[in-house]
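Visitor: Sequence unavailable; structure follows:
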């Protein structure tokens, strides 16, 4: 029988050891590292968080062996997703956004849904979408190859607000719908608070700002070598030319603005024309040759120039550096509709241009803010992901390169506002006063009630209120509710200490008086106070200490010497001595 018990204990112990060996625990600062190890991409961290058990106190995560296997299964999906994403990018550069628009949109929707599934920690949905991506890209490629020879010049692939089109140079302006095609000599015009994106067959595009007029002077495709010859006239306003890598290497792009002619060999080039009197050109990649009034200059990466009417271009001007983010992170998760975007001051910057978009490529739903401040409270942020970047503008009005893109993810708030504070560390608080000031901290936007009475919350989230202790023992209910109606409740028991209760002490079963008889034999002191208290009895140089139990009862056995005996009650939570009673021993 004894051997069987030992064997059973050995089996239990071995099972526990094996389980401990199989579970994987790690601290929060290793979350992205562990995600990379198990799923092949650190961006999958929300799924790891969703699967793992979270020890909030130690801020550690634990994955079971089953969880680890699920993550390893996800790794194959991740690698497949990255491969198909690269295929999609290449096919877009080959004209997929024009020749297979529906299929490209479908593939992009799969990618968007895939990313959303990761961000919400939905493992099964992520794997399901990952498996659908390759067939979608395969279909896109087939459609692209069959439609590529369609004689298409440029297409209005995105628009916001009112965008007009003019057929040739003499027709009337009429409103253009998305997917409208533009041919040679056609004009495009945006109005106030509007935006347009013209896409070309080689994957290049032109982003047209609000209040801008432009004309496609030439747009021809050499179907033999897939090169194009494109000429754009910027009549007024501003536009950003973004050539594809194929367009930069194989095609000819010429921009006319005012009296200037610019030959582009740049992936990223911005132009402004103000009534043909002043033209501002800024180049962010490669180089561009600018000619005006029989003078030609070359502006290289992060250089610009200005052409005044009737004058030669200014020599190449070095653009201001991009502002640096004050946050060490490149993203932030929020639960409300506003976010403070802060960046460093750039020397000699006259102002800053903050660009906000729902698109990672900033080619749709854009908002611009021009400001002299280096911190902007961006409001009305929608649910989902918003992308933000900023550039410096010098005193000539030339715009420098953009900063790194910052990502703000607004989620639905499902987490209750926390209630913190010293008074909420335990369930019972002692006081000798007739009133008590209860203090705490929560989210600044939360609404706090104490016993159903509303309490003001400061901008830092702190709150306090004075509570009258008409009763010796009462329970206080504190509730915090945020704007999403998430609620947190904490209960605090407030006890007013009175000598009649806490010093109701018996010696050997009989209530003691002010005088106690000495005794060399062991005697037992007993009493009943409250939980979470410490009782200290001192008799000359003898000190005895005991903690009260869950009902507040306590007992100490000791001999009693002539002199004085003192009994002190102390709060374990706060380390505060509340009261002391003394007795004479003779």
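Guide: On my side now, so go ahead. Just so we're clear, the structure is a prediction, and the values are computed from it rather than from any experiment.

Visitor: got the contact list for residue 290?
Guide: Shown here is residue 290, whose contacts under the criterion C-beta atoms under 8 Å, 6 or more residues apart in numbering are 260, 261, 262, 281, 296, 297, 298, 299, 305, 307, 313. The C-beta positions use only the backbone N, C-alpha and C, and glycine is treated the same way.

Visitor: Give me the buried entries from these.
Guide: Listed as buried from the contacts of residue 290 are 260, 261, 262, 281, 297, 299, 305, 307, 313; burial here means 16 or more other C-beta atoms under 10 Å.

Visitor: Around the closest residue to the second one other than its chain neighbours, how many other residues sit close by?
Guide: Spatial nearest neighbour of residue 261, chain neighbours left out: residue 291 (4.8 Å); criterion: C-beta to C-beta, 6 or more residues apart in numbering. Summarising burial for residue 291: neighbours were counted as other C-beta atoms under 10 Å, giving 16.

Visitor: Contacts only, for residue 291.
Guide: Residue 291 neighbours (C-beta under 8 Å, 6+ apart): 260, 261, 262, 313.

Visitor: now residue 406
Guide: Applying C-beta under 8 Å, 6+ apart, the residues near residue 406 are 325, 327, 330, 331, 332, 341, 387, 388, 389.

Visitor: and the residue nearest to residue 261, what pLDDT?
Guide: Residue 291 is assigned 95 on the pLDDT scale.

Visitor: three-state assignment of it?
Guide: strand (DSSP: H, G, I helix; E, B strand; the rest coil).

Visitor: Distance of it relative to residue 316?
Guide: The spacing between residue 291 and residue 316, counted by C-beta to C-beta, to the nearest Å, is 14 Å.

Visitor: cool, residue 194 as well?
Guide: Distance of residue 194 to residue 316, computed by C-beta to C-beta: 33 Å.

Visitor: Kindly report the same for residue 540.
Guide: In terms of C-beta to C-beta, residue 540 sits 93 Å off from residue 316.

Visitor: Name the residue in the two with the higher neighbour count.
Guide: The residue with more neighbours, out of residue 540 and residue 316, is residue 316; 16 against 12, by other C-beta under 10 Å.

Visitor: Excluding chain neighbours, what is closest to that one?
Guide: Closest to residue 316 by C-beta to C-beta, 6+ apart is residue 303, at 4.4 Å.

Visitor: got it, and residue 132?
Guide: In space, residue 132 is closest to residue 110, 5.8 Å off (C-beta to C-beta, 6+ apart).

Visitor: what about stretch 239-252, how long is it end to end?
Guide: Criterion C-alpha to C-alpha, to the nearest Å; first-to-last residue distance in stretch 239-252 is 18 Å.

Visitor: and it, how far out from the chain's middle?
Guide: 33 Å (C-alpha atoms, centre = their mean, to the nearest Å).

Visitor: Give me the average confidence score over that stretch.
Guide: Average pLDDT, stretch 239-252: 81.

Visitor: again, but for stretch 493-507
Guide: 82.

Visitor: Need the residues that contact it.
Guide: Taking C-beta under 8 Å, 6+ apart as the rule, stretch 493-507 contacts 427-434, 436, 438, 467, 469, 471-476, 511-512, 516, 523-530, 533, 567, 569, 578-579, 581.

Visitor: Residues in contact with stretch 297-315: which ones?
Guide: Residues external to stretch 297-315 that are found in contact with it (C-beta under 8 Å, 6+ apart): 257-260, 266, 276-295, 316-319, 396-401.

Visitor: Now, of these, which are buried?
Guide: Buried, going by 16+ other C-beta under 10 Å: 257-260, 266, 278-288, 290-292, 316-317, 319, 398-401, out of the contacts of stretch 297-315.

Visitor: Please tell me the pLDDT value assigned to the residue lying closest to residue 180 once chain neighbours are set aside.
Guide: Leaving aside its sequence neighbours, residue 180 sits nearest to residue 156 (C-beta to C-beta, 6+ apart; 4.6 Å). Looking at residue 156, its pLDDT is 93.

Visitor: what's the answer for residue 99, then?
Guide: 80.

Visitor: What's the separation between the spatially closest residue to residue 245 that is not a sequence neighbour and residue 181?
Guide: Using C-beta to C-beta, 6+ apart and skipping the chain neighbours, the partner closest in space to residue 245 is residue 93 (6.6 Å). Applying C-beta to C-beta, the value for residue 93 to residue 181 is 20 Å.

Visitor: mind showing which ranges of the stretch 1-150 of the chain have poor pLDDT?
Guide: 1-21, 148-150 (pLDDT under 70).

Visitor: That'll do, ta.
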